[in-house]
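Engineer: Predicted model and sequence below, questions to follow.
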Amino acid sequence: MKTPSKKQLEKAHEVYIKNEPRDLFYKVANDLVSLSLKGKTSVTVAEAISALLLTWNREVYRFKKFTESDLVVLDKNISKHKDALISYRKRSIRLPSVSQEGLLVCLFQDFEHPRGPVGAAKTLHLLAPKFFPLWDRRIAEKGYGIKLYKTGRNGQGYLIFLKMVAKQTAKIKRYNKRYPLKRLDEYNYCKYTKNWI
């Protein structure tokens, strides 16, 4: 996977901001998750994440209802993995050690239920936005050559994706230290999901 240049990232960012109004929901959800983790709002972490999923994945939830039981499952997964998530929230993306790989696969697969592989990546990204990269089906398959399977079987694929993105962001940090993961996602989204660039 080739790392986009500084010029390509800047162009993608311009195109993304111009064409993607849902970025506002991303900013609001990020702030809500932070406030919720600090206990500074009555909104739970699961509710804050769900607000983003319902706006970003509106096509999915048009056909599949988002229920109270979805919130319960999300809340249980957050509680189950709380220590690991707090640790990842403090870190920037990097290649995981061999001892971390099993935890990352398990973590991803737990969060796949009931949201699927795209919802799981979005959820983990909101919980640790500098560590967990975002993907969707087109980014995974067209951009990185990773086939997505039925829910519960994508942890290994996400680990491969995370490793590839970690290598890319290590290079991107030379010219964008502040938002390497977000800028790479904007590039991937514009190029593979929307074909805007």
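Structural biologist: Happy to help now that I have it.
Engineer: what does the average pLDDT come to for stretch 68-86?
Structural biologist: For stretch 68-86, mean pLDDT is 93.
Engineer: What are the buried residues along it?
Structural biologist: Along stretch 68-86, these residues count as buried under the neighbour rule (16 or more other C-beta atoms under 10 Å): 70, 73-75, 77-78, 81, 84-85. C-beta: built from backbone N, CA, C; applies to glycine.
Engineer: need the longest helix for this structure.
Structural biologist: helix 155-172 (DSSP state H).
Engineer: Check the gap between residue 130 and residue 91 for me.
Structural biologist: Between residue 130 and residue 91 the computed distance is 7 Å (C-beta to C-beta, to the nearest Å).
Engineer: Kindly report the same for residue 41.
Structural biologist: 24 Å.
Engineer: Tell me which of those two has more neighbours.
Structural biologist: The neighbour count for residue 41 versus residue 91, taken as other C-beta atoms under 10 Å, is higher for residue 41 (16 against 10).
Engineer: could you pull out the helices for this structure?
Structural biologist: For the chain, helices defined by DSSP H occupy the ranges 6-19, 23-37, 45-56, 58-63, 68-80, 82-89, 98-112, 116-127, 137-138, 144, 155-172, 180-188.
Engineer: do you know which of those lies nearest residue 196?
Structural biologist: helix 6-19 (5.0 Å; C-beta to C-beta).
Engineer: And the contacts of the closest one?
Structural biologist: Helix 6-19 is contacted from outside by 4, 23, 172, 175-176, 183-184, 186-187, 189-191, 194, 196-197, using C-beta atoms under 8 Å, 6 or more residues apart in numbering.
Engineer: and the gap between the closest residue to residue 114 other than its chain neighbours and residue 111?
Structural biologist: Excluding its sequence neighbours, the residue lying closest to residue 114 (C-beta to C-beta, 6 or more residues apart in numbering) is residue 70, at 5.7 Å. In this structure, residue 70 and residue 111 are 12 Å apart, going by C-beta to C-beta.
Engineer: if we can go back for a sec, lowest-confidence stretch among the helices of the chain?
Structural biologist: helix 58-63 (a mean of 59).
Engineer: distance of the nearest residue to residue 163 once chain neighbours are set aside from residue 104?
Structural biologist: Among residues not flanking residue 163 along the chain, residue 95 sits closest, at 5.9 Å (C-beta to C-beta, 6+ apart). According to C-beta to C-beta, residue 95 and residue 104 sit 11 Å apart.
Engineer: Those two: who's more crowded?
Structural biologist: residue 104 (21 against 12).
Engineer: hang on, isn't the more buried one packed against residue 159?
Structural biologist: Yes - look at residue 104 against residue 159 with C-beta atoms under 8 Å: they come within range, at 5.4 Å.
Engineer: Spell out which residues are contacts of both of these two.
Structural biologist: residue 96.
Engineer: Could you identify which of the contacts of helix 6-19 has the most neighbours?
Structural biologist: residue 187 (26 neighbours).
Engineer: Report how many residues lie close to the closest residue to that one other than its chain neighbours.
Structural biologist: Nearest residue to residue 187 in three dimensions, chain neighbours excluded: residue 12, at 4.0 Å (C-beta to C-beta, 6+ apart). Neighbour count for residue 12, taken as other C-beta under 10 Å: 22.
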